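> can you look at this prediction? I've put the sequence above it.
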Amino acid sequence: MEPHGLQRKIEGTQRATRLRHVLGFMSVATMLMTIPQVLTIWLRHEAAGVSVVSWSAYLVSAALWLWYGIEQRDRNIYLPCIGWLVLDGAVIAGALAYG
């Protein structure tokens, strides 16, 4: 083992990069899976069973993650949060309008 832990940093960086790719993919994938919910509410005016409390909690969570991501200057955190704020807000507004 290197006295300064150089080998460990290289391995850790590779793992972190893989994890960032997986997290980025999952963030986009879960947003895409939310779009049908938004479309159902706004195009069909069907919001039965949509919990405004739950989606409000998701909205608050996204806002907190956005704040944290901006503080950390990490685009991988704060950019997806903008999408989540839009989607969560659309679900909440639609549930209030049509629920």
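That came through, no problem.

> so is the nearest residue to residue 24 once chain neighbours are set aside in a helix, a strand, or just coil?
Spatial nearest neighbour of residue 24, excluding adjacent residues (Cβ to Cβ, 6 or more residues apart in numbering): residue 76 at 6.0 Å. Using the backbone N, CA and C atoms, a C-beta is placed for each residue, glycine as well. At residue 76 the chain is in helix, as set by DSSP: H, G, I helix; E, B strand; the rest coil.

> which helices and strands sit right next to the helix or strand of the chain with the lowest mean pLDDT?
Here the helix or strand of the chain ranked lowest by mean pLDDT, DSSP states H and E is helix 6-44, holding a mean of 83. For helix 6-44, the packing partners by 3 or more Cβ pairs under 8 Å, 6 or more residues apart in numbering; DSSP states H and E come out as helix 75-98.

> pull the residues that contact the helix it packs on.
With Cβ atoms under 8 Å, 6 or more residues apart in numbering as the test, helix 75-98 has contacts from 20, 23-24, 27-28, 31, 34-35, 37-38, 41-42, 45-47, 50-52, 55-56, 58-59, 62-63, 65-66, 68-70.

> ChimeraX command to pick out the buried ones of those?
The buried residues among the contacts of helix 75-98 can be selected in ChimeraX (16 or more other Cβ atoms under 10 Å) with this line:
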select :27,34,37,38,41,42,47,50,52,55,58,59,62,65,66,69
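
> sorry, back to before: burial of the residue nearest to residue 24, as a residue count?
13 (other Cβ atoms under 10 Å).
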